[in-house]
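Enquirer: what's the 3D shape of this:
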Amino acid sequence: MRVAVSVARLVALALLTSVAQAAEPASDLRVVSANGAITETIYALGGEEALVAVDTTSVYPPAARRLPKVGYLRALPFEGVLSLQPDRLITTVEAQPKQTLERLAAAGVEVEQLPLARSPEATMARVTRVGELIGKQAEAAALVADMADDFAALAKDVEARGWRPRVLLIMSAGNHGVVFGGADTGADAFIQTLGADNAVATVTGYKPASREAIISASPDAIIIAEATPGQFRIEDWPELAQLPAWINGHHYTGDSMFLLGYGPRLADALAEVNEILPSQPVSGHDD
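Expert: Alright, predicted model coming up:
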């Protein structure tokens, strides 16, 4: 199962941590974090004193909201970042525009674009790398060890379930509307990690949710990922409320960054959603 963490992978992560070059102490660094999961990881490692600013996706922990903002990670402003005189910009491959990143690097800012994380292993690897970048290698190794234990426990629960429920994940994204998480998305990876199948696997990417598609999806469980708490109103979606999965309580509503940020709380998010997955089919579909 994808959620299982191999011994070999853990050994590799530990080795990477032990041989990494020592980074500057966090107290000597000026860091801009342009990714909510990276910001959360920095706080989890006790490196927040290095932060001089974050992007608009950095909303957890609450203390991150009080830091100066540099805008959205896909539209980073050159002057806005450079004016903070950071030593290091830590972001992901999603960061844009490319010209801003190149200009920052030319101006002497160390730009670190980390890979996307869509699995427990990739999430732990990113924690390790962030630890290296802020001089918190030991803290990162301890956090990764705890996460590995949690993922291993979840893997046992998934195996004990003994079947793969069909799960529908809907994102409520404010002005961007309500969308399904189809194949090749973080939503799909989250569902697969739970040992479940995506109820809209024939859709690729995030697509607008239609009432007809909700009914035809025939899910055994439903996940609602909200960009803002309280944003999704079930009374606006009677078709969803009438599905057996919803009626029987096999649904979960939570913060989209908690669920799909692939940060240090990933194991907690997976465990919470796993609790609402049924022990047997409820949707009436034939597998």
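Enquirer: quick one: the helix or strand where Val179 lies to chain centroid distance?
Expert: Using DSSP states H and E, Val179 falls within strand 178-181. Remark: strand 178-181 is offset 16 Å from the chain centroid, using CA atoms, centre = their mean, to the nearest Å.
Enquirer: Neighbouring strands of it in the sheet, and parallel or not?
Expert: Looking at strand 178-181 with DSSP bridges, its partner strands are strand 166-172 (antiparallel), strand 206-208 (antiparallel).
Enquirer: Let me see the contact set for Ala199.
Expert: Counting by CB atoms under 8 Å, 6 or more residues apart in numbering, Ala199 makes contact with 166-168, 217-220. Where you see a C-beta, it was placed from the backbone N, CA and C, and this is true even at glycine.
Enquirer: From Ser83, how far off is it?
Expert: Noted for Ala199: a distance of 46 Å to Ser83, by CB to CB, to the nearest Å.
Enquirer: ditto for Thr39
Expert: Going from Thr39 to Ser83 by CB to CB gives 19 Å.
Enquirer: what do you get for Glu94?
Expert: Per CB to CB, Glu94 is found 23 Å from Ser83.
Enquirer: Ala160 too?
Expert: 54 Å.
Enquirer: now swap in Ser218 and tell me
Expert: Taken as CB to CB, the span from Ser218 to Ser83 is 53 Å.
Enquirer: Which one's more surrounded, these two?
Expert: More crowded of Ser218 and Ser83, by other CB atoms under 10 Å: Ser218, with 18 against 12.
Enquirer: ok, which stretches of the stretch 1-150 of the chain are helices?
Expert: For the stretch 1-150 of the chain, helices defined by DSSP state H, counting those that start in this stretch occupy the ranges 7-19, 36-44, 78-82, 98-106, 120-133, 137-161.
Enquirer: Next: the stretch 151-287 of the chain.
Expert: Using DSSP H, counting those that start in this stretch, helices in the stretch 151-287 of the chain cover 186-193, 211-217, 238-241, 244-247, 256-260, 266-274.
Enquirer: and among the helices of the stretch 1-150 of the chain, the most buried is which?
Expert: helix 36-44 (a mean of 25; mean count of other CB atoms under 10 Å).
Enquirer: Does Ala189 touch Ser119 like I think?
Expert: Yes. Between Ala189 and Ser119 there is a contact under CB atoms under 8 Å: 6.4 Å.
Enquirer: rewinding a little: for the strand holding Val179, output the C-alpha coordinates as PDB.
Expert: Taking Å, rounded to 0.1, in the frame of the first residue of the first chain, the C-alpha atoms of strand 178-181 are listed here in PDB:
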ATOM      1  CA  VAL A 178     -16.800  24.200  -6.100                       C
ATOM      2  CA  VAL A 179     -14.700  21.700  -7.900                       C
ATOM      3  CA  PHE A 180     -14.000  17.900  -8.000                       C
ATOM      4  CA  GLY A 181     -10.500  16.600  -7.400                       C
END
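Enquirer: So what touches it?
Expert: Contact with strand 178-181 is made by 168-173, 187-188, 190-191, 198, 200, 203, 206-209, 213, 217, 225, 232, 237, as judged by CB under 8 Å, 6+ apart.
Enquirer: any idea how far the closest residue to Ile234 other than its chain neighbours is from Ile215?
Expert: Spatial nearest neighbour of Ile234, chain neighbours left out: Ala241 (5.3 Å); criterion: CB to CB, 6 or more residues apart in numbering. Distance of Ala241 to Ile215, given as CB to CB: 12 Å.
Enquirer: Likewise for Asp55?
Expert: In terms of CB to CB, Asp55 sits 37 Å off from Ile215.
Enquirer: the more surrounded of the two?
Expert: More neighbours surround Asp55 than the other of Asp55 and Ile215, with 26 against 12 (other CB under 10 Å).
Enquirer: Could you count how many residues lie near Pro115?
Expert: Counted by other CB under 10 Å, the residues lying close to Pro115 total 11.
Enquirer: these two touch, right, it and Ala122?
Expert: Yes. Here Pro115 reaches Ala122: they are 6.9 Å apart, a contact under CB under 8 Å.
Enquirer: pLDDT weak spots in this structure?
Expert: Where the chain drops to pLDDT under 70, the residues are 1-27, 174-176, 283-287.
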